[in-house]
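**Q** Sequence and predicted model, in that order:
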Amino acid sequence: MYSLDNTNTGRDGIMIEYYAVVVLYNKKIQDSITISRLTQMQEEHLHIIVLDNSTDDYVVENQIQFSSNLLNYHSMGENVGLSRAYNYALSILNNKSENDIVIWFDDDTPIKREYFDCLKDKAEDKTYDVFVPVIYGQNGVIYSPSKAGWLKGKYIRSPQQKISQDKFNAINSCLAVRLKAYKGYAYDEGLFMDCVDTKLFDDFRKKGVQFCVLPVKICQNFFQRGSSKDVQKYWNRFQIRIKDTLYYSQFAGISKRISGYIRIFGWSMVYGFKLRSIKFSLLCIVEM
């Protein structure tokens, strides 16, 4: 079940294999909701790959705890960010069929069998190479898919709302991609965590890759949408966000660069108010 060898054939002579890649960060394997759900499903043709971005203490414990017959475990040695981890996963899958599908997961997603049932059904249509579920935040807002915009993505109001292919955008979580879409492609490792998905969809749209919305609902807890008022935790997170936003903005012309600065200034005000912290707002502005 979890071997990376392709040995199954379907009615057209080619059976689609699915590779669920879970990026783990400072969490024990047994505490990951995603890994727990995936291993319990016993889903046919599903292979689980864990990329561990944890620090040393966690890595040592995870190397002891993981079961090799349930998943393929790879320690990244440190927190290398998403782009490098994703590129590593793609290197592992380099010799797989271009019709196979890789699925990117966070370590805390309460994934259900319904997702795979829907994905397997839609994946039979070779028109589409990217499959995106409908992801809700804890505030009830649909964060993925969305419409690409100049300043920020525009959220859709209902799962039935249509998004044109030239504006289609989505987040990393639960994103499923046929491997042929990655042919000759590598994630930009100048991006550590944020804008990784935004740039991917920019590039995919340019390549004419076709996107499909999966009619399945997934609920995700986003840190910045939570109720925490810990200024230091927000600042630790937003340092990365600001750096990645500025890096991403520099490749899309002066207009995008300006929008990047506007977004950062907006965050400094919105989250400074939320945290009741002038210090947070000033740190964001200075970081620009």
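**A** It's in.
**Q** neighbours around the spatially closest residue to residue 45 that is not a sequence neighbour, how many?
**A** Residue nearest to residue 45 in three dimensions, not counting chain neighbours: residue 17, with 5.3 Å by CB to CB, 6 or more residues apart in numbering. The way it works is simple: take the backbone N, C-alpha and C, and place the C-beta from them, glycine included. When neighbours are defined as other CB atoms under 10 Å, residue 17 has 23 of them.
**Q** Find me the pLDDT at residue 211, would you?
**A** pLDDT recorded at residue 211 is 97.
**Q** Quick check: it touching residue 164?
**A** No: taking CB atoms under 8 Å as the definition, residue 211 is not a contact partner of residue 164, at 9.9 Å.
**Q** who has more neighbours, these two?
**A** residue 211 (20 against 9).
**Q** which residues touch that one?
**A** Neighbouring residues of residue 211 by CB atoms under 8 Å, 6 or more residues apart in numbering: 128, 130, 131, 132, 145, 165, 168, 170, 204.
**Q** what helices or strands is the helix or strand harbouring residue 59 leaning on?
**A** Using DSSP states H and E, residue 59 maps to helix 56-65. Using 3 or more CB pairs under 8 Å, 6 or more residues apart in numbering; DSSP states H and E as the contact test, the elements touching helix 56-65 are strand 46-52, strand 72-75.
**Q** Any idea how far the longest one is from the middle of the chain?
**A** Looking back up the chat, that one is strand 46-52. 14 Å (CA atoms, centre = their mean, to the nearest Å).
**Q** so that strand versus helix 56-65, what angle?
**A** Calculated by axes from the mean of the first three to the mean of the last three CA atoms, to 10 degrees, strand 46-52 forms an angle of 150 degrees with helix 56-65.
**Q** Sheet partners, orientation included, of strand 46-52?
**A** For strand 46-52, the paired strands and their directions (DSSP bridges) read strand 18-24 (parallel), strand 72-75 (parallel).
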